[in-house]
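Here's my sequence, what's the structure:
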Amino acid sequence: MQKTKKSMTKRFKITANGKLVHRSPGTRHLLRHKTARQKHSAGKDRVLAKGMSARVIRCIAVGL
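Numbering: from 1, shown residues only. The predicted model follows:
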């Protein structure tokens, strides 16, 4: 049995419907040249693409 990857559990959350949600990148630094629209949309959580979610769930869902 494989262990849960703790770094993945901190970065991704599984919703009630089984989708994966993650924080948007690009909010840490170099914000001066980004538009207000970019910064506002980067502050929201995003749903991970279906192709990547299967890989991530394999790393996370050991304890489920």
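
in the protein, which residue is closest to the centre?
Nearest to the geometric centre of the chain sits H22, at 2.0 Å (CA atoms, centre = their mean).

surely that residue meets D45?
Yes - contact between H22 and D45 holds when scored by CB atoms under 8 Å: they sit 6.7 Å apart. The way it works is simple: take the backbone N, C-alpha and C, and place the C-beta from them, glycine included.

What ranges in this structure fall below the confidence cut-off?
1, 62-64 (pLDDT under 70).

In this protein, what residue spans correspond to helices?
6-11, 36-42, 50-60 (DSSP state H).

Which one of these lies nearest to R28?
helix 36-42 (9.8 Å; CB to CB).

From the contact counts, what lies against the closest one?
For helix 36-42, there is no helix or strand it packs on, judged by 3 or more CB pairs under 8 Å, 6 or more residues apart in numbering; DSSP states H and E.

List the buried residues for it?
Buried residues in helix 36-42, counted by 16 or more other CB atoms under 10 Å: A42.

hmm, who's touching that helix?
S24, P25, G26, T27, L31, K34 (CB atoms under 8 Å, 6 or more residues apart in numbering).

okay, the residues you listed in a markdown table with distance to Q2 and neighbour count next?
Output for the contacts of helix 36-42, formatted as a markdown table (distance: CB to CB, whole Å; neighbours: other CB atoms under 10 Å):
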| residue | distance to Q2 | neighbour count |
| --- | --- | --- |
| S24 | 29 | 12 |
| P25 | 27 | 8 |
| G26 | 31 | 14 |
| T27 | 32 | 13 |
| L31 | 38 | 11 |
| K34 | 39 | 13 |
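
Present those as JSON lines; the columns should include distance to T4.
Listed next are these as JSON lines, based on distance: CB to CB, whole Å:
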{"residue": "S24", "distance to T4": "24"}
{"residue": "P25", "distance to T4": "23"}
{"residue": "G26", "distance to T4": "27"}
{"residue": "T27", "distance to T4": "26"}
{"residue": "L31", "distance to T4": "33"}
{"residue": "K34", "distance to T4": "34"}
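
Out of the helices of the chain, which gets nearest to G18?
helix 50-60 (8.2 Å).

burial count for I60?
For I60, the count of nearby residues is 20 (other CB atoms under 10 Å).
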